[in-house]
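Chemist: okay, sequence plus prediction incoming.
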Amino acid sequence: MKIKIGIGVAIALLIALLLLPGMLGRLIGLILSLLVWGSSGYLAGKVLQGEGYGLLGNILLGLVGGFVGSLLAALIGITGLVKLPLIGGILVGALGSAVVVVVAGLVGGGDEE
């Protein structure tokens, strides 16, 4: 009985060790993307007259824009910039987030000063 449990635990550990680096890499990539997209939204809001949609609004618009930009880039196949999909996705997402914040500021007006 103990041998069967030991083999099961060993197999589970082996599977975890094989899968963990890939999952960890994807998690770090997601966190980096969210940070870049939110920062892009914040900076794009600063470029607008006034404060745009405020700190939280600009960051949220940046996140939406980053997601939309990355999705559109994936649909047309341009996410692998410089043969580095993570970097390409972050750059495309940053561009998308900046565009969404600027367009939202121009269309909706944001915070008028």
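Modeler: Great, that's in hand.
Chemist: rest of the way, CA atoms for contacts and neighbours
Modeler: Will do.
Chemist: where does the prediction get shaky in the chain?
Modeler: Applying pLDDT under 70 to the chain flags residues 1-6, 13-21, 23-25, 48-52, 79-86, 89, 109-113.
Chemist: in it, which spans are helices?
Modeler: Under the criterion DSSP state H, the chain contains helices at 2-47, 54-76, 85-108.
Chemist: how about those helices in JSON lines, adding mean neighbour count?
Modeler: Listed next are the helices of the chain as JSON lines, based on neighbours: other Cα atoms under 10 Å:
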{"stretch": "helix 2-47", "mean neighbour count": "16"}
{"stretch": "helix 54-76", "mean neighbour count": "21"}
{"stretch": "helix 85-108", "mean neighbour count": "22"}
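Chemist: contact partners for Pro31?
Modeler: Slight slip there: residue 31 is Ile, not Pro. Not one residue lies near Ile31 by Cα atoms under 8 Å, 6 or more residues apart in numbering.
Chemist: please renumber the chain so that the first residue is 475 from this point on.
Modeler: Okay, residue one is now 475; in that scheme the one you just asked about reads as Ile505.
Chemist: what's the separation between it and Gly582?
Modeler: Remark: distance between Ile505 and Gly582 (Cα to Cα, to the nearest Å) = 29 Å.
Chemist: could you do Gly512 as well?
Modeler: 19 Å.
Chemist: how close does Gly496 get to Leu509?
Modeler: Gly496 is 20 Å from Leu509, where distance means Cα to Cα.
Chemist: whoops, I mixed them up, Leu549
Modeler: From Leu549 to Leu509 the distance is 23 Å (Cα to Cα).
Chemist: Lys520 now?
Modeler: Taken as Cα to Cα, the span from Lys520 to Leu509 is 17 Å.
Chemist: right, and Gly519 touches Val575 too?
Modeler: Yes. Here Gly519 reaches Val575: they are 6.3 Å apart, a contact under Cα atoms under 8 Å.
Chemist: skipping adjacent residues, who's closest to Leu535 in space?
Modeler: Nearest residue to Leu535, sequence neighbours excluded (Cα to Cα, 6 or more residues apart in numbering): Val575, at 5.7 Å.
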